[in-house]
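**Q** my questions are about this predicted structure, shown below with the sequence.
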Amino acid sequence: MKIRPLQDRVLVERLEEQTTTKGGIIIPDTAKEKPAEGRIVAAGQGKTKEDGSLIPMELKVGDRVLFSKYAGSEVKFDGNDFLIMGQDDILCVVDEA
Amino acid sequence: MKIRPLQDRVLVERLEEQTTTKGGIIIPDTAKEKPAEGRIVAAGQGKTKEDGSLIPMELKVGDRVLFSKYAGSEVKFDGNDFLIMGQDDILCVVDEA
Amino acid sequence: MKIRPLQDRVLVERLEEQTTTKGGIIIPDTAKEKPAEGRIVAAGQGKTKEDGSLIPMELKVGDRVLFSKYAGSEVKFDGNDFLIMGQDDILCVVDEA
Amino acid sequence: MKIRPLQDRVLVERLEEQTTTKGGIIIPDTAKEKPAEGRIVAAGQGKTKEDGSLIPMELKVGDRVLFSKYAGSEVKFDGNDFLIMGQDDILCVVDEA
Amino acid sequence: MKIRPLQDRVLVERLEEQTTTKGGIIIPDTAKEKPAEGRIVAAGQGKTKEDGSLIPMELKVGDRVLFSKYAGSEVKFDGNDFLIMGQDDILCVVDEA
Amino acid sequence: MKIRPLQDRVLVERLEEQTTTKGGIIIPDTAKEKPAEGRIVAAGQGKTKEDGSLIPMELKVGDRVLFSKYAGSEVKFDGNDFLIMGQDDILCVVDEA
Amino acid sequence: MKIRPLQDRVLVERLEEQTTTKGGIIIPDTAKEKPAEGRIVAAGQGKTKEDGSLIPMELKVGDRVLFSKYAGSEVKFDGNDFLIMGQDDILCVVDEA
């Protein structure tokens, strides 16, 4: 079974944050939203232009990305949780090198 | 009797979720919206472009899809319930292979 | 007396629903909006494009259609009630064959 | 004194409705808005396109029209009340033939 | 000292309404907004198009106009009050002939 | 140190209003917003068009302008306060001649 | 590890403000929002145009900038805090010369 996102949507596998708060109360540094981390596991073909052709995707399968914690819709496949969101909800790619 | 959706709308037959909560209280994992599953049973011809031609549909009859639980309008034909929604409300296609 | 809707508006004659609730309390199946049924009795010529030409209508007089229960404005002519709405408020055509 | 509406605005003279409710309490049929009736007494030249030319008006002086009861701004000239509104606020033309 | 409005803005000198309500309580005819009257005393060169050229103004200095009572920002020059507003806030021109 | 506003933003030095209210209570003439006065001290190069070229600015350094009292963000450089705002927030130029 | 912002987003390192309020209560000058200062440490390639090409960025790595205090999302890399925001959230560049 394979997921094929439509248009410029991507399927994201959330990466766990190594939170080290053992038994303590979490005190946020600021009121600002902190983005979540994930990996692209499937990507659409891109948005359709007015002339029918496609704007190619800037993201590809395997990219490690940051995205807004409130972005996307949760989906469950083969016992795993994923998120589906538009490419615009992805803030940046983290290049591992 | 046949339904012909206008523009880029699709007619979706909802697929039942195998919920296994027997006599228990449902505890949601997260506050995030979980999409519903369905199958495309009829599709419009696509959105009309400014020059009068059509942007072809990315979805076709038979596609198994995920969509937002709150998307679309309910319609009843021949004793069955369907949903009518725009192609933009469809999150992804689930390829069965 | 004849009604000529402007742009891509249509004049719709509502078709009665055969509700069979005799003396009972109506219990809605879901919280979802159910569309109403009607027939197109007059249609505009279509939306004007930027270059002055028209995008032809997808609907024609005689079409049996579903539309949102809250769409349109009511008008009364020769003792009959009609609805005027834009083509975008029409969800689908019901082909009788 | 003559009124010249700008762009695609029209000057509308409201036509009185023959309400026959003598001494009775008005019971609305539905919660839906019912449009008002009027006659076009002046019309703008049309909306300016990006290239500087005009999109011609679909309405002309003399047209009997229906419009939303809440559309437009009231203006008073020579002791008469008129309404100024955009062409988009006009729902349909009533052809008298 | 001269005022030069930017883009398609106009400088309007408000014309006084001859209100004849002497010592009486004002009873509004309807809940509808009544426009105010004024004269164009300065006008911008028009909106800039995407290609850098200008869409010429439909209004010129000297035009007697009606505008929404709530439109524009008040400015004071040489002891006189004026209003600055966009051309879109002008409802119609009153031709004096 | 020099400020270079991006796109079509301008840096405005506020000009003081000669308020003469000595020991008195300020009674506003109307509820309408009165614009503030200032001078352009730096200007961006203009908005980028779809084809990559620039729409030239209508304002230039030295222009005396009126702007909405609530427009812009305050910035402080070398002990002086300035405002940064878009060209659209400038209502008009006051030509001193 | 390197951050690659998508589209026209930039990665900003916040510069500390030299606040000199020692033991005192801060009394704001005005109710206006004061922008924050930062330095661009990574920049996207620019927004994709309809024809698939890119609108080049006006900002480059190393630029000292002012931005709205409420703009962007916080991200943490290698123990440092950064902000990710769109180029439109940057008010101006501060040229150090």
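**A** Everything's here; your move.
**Q** the spatially most central residue of chain A: what secondary structure?
**A** Centroid-nearest residue in chain A, with Cα atoms, centre = their mean: residue A:12, separated by 4.2 Å. Of the three states, residue A:12 takes strand according to DSSP: H, G, I helix; E, B strand; the rest coil.
**Q** tell me if I'm right that it and residue A:86 touch.
**A** No: counting by Cβ atoms under 8 Å, residue A:12 stays clear of residue A:86, with 10.9 Å between them. Where you see a C-beta, it was placed from the backbone N, CA and C, and this is true even at glycine.
**Q** picking that back up, quickly list what the residue nearest to the centre of chain A is bridged to.
**A** residue A:40, residue A:83 (DSSP bridges).
**Q** what's around residue A:42, how many residues?
**A** 17 (other Cβ atoms under 10 Å in any protein chain shown).
**Q** now for it: which residues touch it?
**A** The contact partners of residue A:42, taken as Cβ atoms under 8 Å, 6 or more residues apart in numbering or on different chains, are A:2, A:3, A:4, A:5, A:10, A:11, A:61, B:92.
**Q** just give the closest residue to it, not the sequence neighbours.
**A** The shortest distance from residue A:42 to any non-neighbouring residue, by Cβ to Cβ, 6 or more residues apart in numbering or on different chains, is to residue A:11 (3.8 Å).
**Q** got it, and residue A:93?
**A** residue G:4 (4.4 Å).
**Q** isn't the one you found up against residue A:95?
**A** Yes: using Cβ under 8 Å, residue G:4 is in contact with residue A:95, at 5.6 Å.
**Q** more neighbours, those two?
**A** residue G:4 (17 against 11).
**Q** helices or strands up against the least confident helix or strand in chain A by mean pLDDT?
**A** One helix or strand of chain A scores below all others by mean pLDDT, DSSP states H and E: strand A:73-77, with a mean of 83. The helices and strands touching strand A:73-77, judged by 3 or more Cβ pairs under 8 Å, 6 or more residues apart in numbering or on different chains; DSSP states H and E, are strand A:80-86, strand B:90-95.
**Q** of all those, which lies closest to residue B:46?
**A** strand B:90-95 (13.7 Å; Cβ to Cβ).
**Q** now do the closest one against strand A:80-86, angle only.
**A** 130 degrees (axes from the mean of the first three to the mean of the last three Cα atoms, to 10 degrees).
**Q** buried ones in strand B:90-95, by neighbour count?
**A** B:90, B:91, B:92, B:93, B:94 (16 or more other Cβ atoms under 10 Å in any protein chain shown).
**Q** could I get those as TSV with pLDDT?
**A** As requested, these are exported to TSV (pLDDT from 0 to 100):
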residue	pLDDT
B:90	93
B:91	91
B:92	93
B:93	95
B:94	91
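**Q** on that earlier part again, go ahead and build a PyMOL selection from the buried members of the contacts of residue A:42.
**A** Command for PyMOL, covering only those of those found buried under the criterion 16+ other Cβ under 10 Å:
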select buried, (chain A and resi 3+4+5+10+11) or (chain B and resi 92)
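**Q** thinking again about what came up before, and the gap between the residue nearest to the centre of chain A and residue B:92?
**A** 12 Å (Cβ to Cβ, to the nearest Å).
**Q** could you name every residue contacting both of these two?
**A** Shared contacts of residue A:12 and residue B:92, counting by Cβ under 8 Å, 6+ apart, come down to residue A:84.
**Q** count of residues packed around the residue in chain A that chain F sits nearest to?
**A** Closest residue of chain A to chain F, Cβ to the nearest Cβ: residue A:50 (12.6 Å). The number of residues packed near residue A:50 is 10, by other Cβ under 10 Å.
**Q** pLDDT score assigned to the closest residue to it other than its chain neighbours?
**A** Of all residues not flanking residue A:50 in the chain, residue B:49 sits nearest, at 6.1 Å (Cβ to Cβ, 6+ apart). On pLDDT, residue B:49 comes in at 76.
**Q** likewise residue A:23?
**A** For residue A:23, pLDDT reads 52.
**Q** check contacts around the residue nearest to residue A:69 when sequence neighbours are not counted.
**A** Distance criterion Cβ to Cβ, 6+ apart; nearest residue to residue A:69, sequence neighbours excluded, is residue A:36 at 4.8 Å. Listed by Cβ under 8 Å, 6+ apart, the contact set of residue A:36 reads A:14, A:17, A:66, A:67, A:68, A:69.
**Q** change it to 7 Å
**A** A:14, A:67, A:69 (Cβ atoms under 7 Å, 6 or more residues apart in numbering or on different chains).
**Q** tell me the one of those residues nearest residue A:45?
**A** For these, the nearest to residue A:45 is residue A:67 (19.9 Å; Cβ to Cβ).
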